[in-house]
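[1] Got a predicted model here, sequence first, then my questions.
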Amino acid sequence: MKSIIFLYCYKNKLPEIPLKSLYMTYTICDIDEFFEFINEETAKNTEDYLYRGVCSNRYKLIPSIARCKSNKESTITLQDEKVMFNLFKRRILGYDPQLERLNDLELLAFAQHHGLPTRLMDWTRNPLVATYFAIRNKPNTSQEGGKPCLYVYHKKNRTKLDQIFSPWKSSFLHGNLKFFIPQYTTPRIRAQAGLFSVHFNPSIDIREKPEIKTYKLNLDVYQLRKALHKLGINEEILFPDVDGLCQQIKWLRTNFKG
């Protein structure tokens, strides 16, 4: 039987409006409530909680590979996914021969951070970093009319980081959600306190998992981004390269507020 979504005001935790869905959403309505939320999160055991920021609560919580279609406009298959990855694997060595020592899972994480659609999903142990990514590109609302949101994943007992494994083996493809930190980490992954979930079935929307709570940011996100900047969470810090520097200067000194 399908459960009911309740929108909760974060401060008083009282249900507001029941909507037909499969998961529960809390709404953070102003900056004070946001920092109350952050204070509560930072008091928790950081090893047990993971965070992900998304620009719209209407987006499914699925990896990027599940949002794509093939070049024939059909659903991406496992074979299509392998072809893309193998193409990347063959060509990337021309850019950085040192990547040859990485296994498939580490290469997949590297490709993910450079824009290749994969079955991986980025998470962070830092709720402020997740908040930045939730509001980074959308000043008010997303194109679909949703609000920026944070997902908090709580694994009871402890969030286990799995040993390196092959994402293509049948034993994994019929298993459960796994988490890992690649042994080879880029400056961006380190700056973002990043790690990855690996999805055996990328098309499954994991918002329905009981371990996940959704927090909708129904507040002035430009003011929130200014507050994050004062706390040292900005483009230059999270993307410690020339691109990050230029984007931060652009945000600071022009009228670009997206």
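    Received it, and whenever you're ready, just let me know what you need.

[2] I'd like the average pLDDT over the longest helix along the chain.
    For the chain, the helix reaching the highest residue count under DSSP state H is reported as helix 78-92. In this model, helix 78-92 has an average pLDDT of 91.

[3] What of stretch 238-248?
    93.

[4] Report the distance from it to the chain centre.
    On the basis of Cα atoms, centre = their mean, to the nearest Å, stretch 238-248 sits 19 Å off its chain's mean C-alpha point.

[5] one step back: could you list the buried residues of the longest helix of the chain?
    For helix 78-92, burial by neighbour count (16 or more other Cβ atoms under 10 Å) applies to 80-81, 84-85, 88-89, 92. In short, each C-beta sits where N, CA and C put it, glycine included.

[6] burial count for the residue nearest to Tyr59 when sequence neighbours are not counted?
    Nearest non-adjacent residue to Tyr59, counting by Cβ to Cβ, 6 or more residues apart in numbering: Gly146, 7.1 Å away. Gly146: 16 surrounding residues under other Cβ atoms under 10 Å.

[7] Quick check: the gap between Gly146 and Leu224.
    16 Å (Cβ to Cβ, to the nearest Å).

[8] just the strands in the stretch 101-250 of the chain please.
    120-124, 149-154, 178-180, 194-198, 212-217 (DSSP state E, counting those that start in this stretch).

[9] Check the ones you listed for me: which has the lowest mean pLDDT.
    The weakest mean pLDDT among those belongs to strand 178-180, with a mean of 84.

[10] partner strands of that one, parallel or antiparallel?
    Neighbouring strands of strand 178-180 in its sheet, by DSSP bridges, are strand 194-198 (antiparallel).

[11] now the angle from the strand it pairs with to strand 149-154?
    For strand 194-198 against strand 149-154, the angle by axes from the mean of the first three to the mean of the last three Cα atoms, to 10 degrees is 80 degrees.
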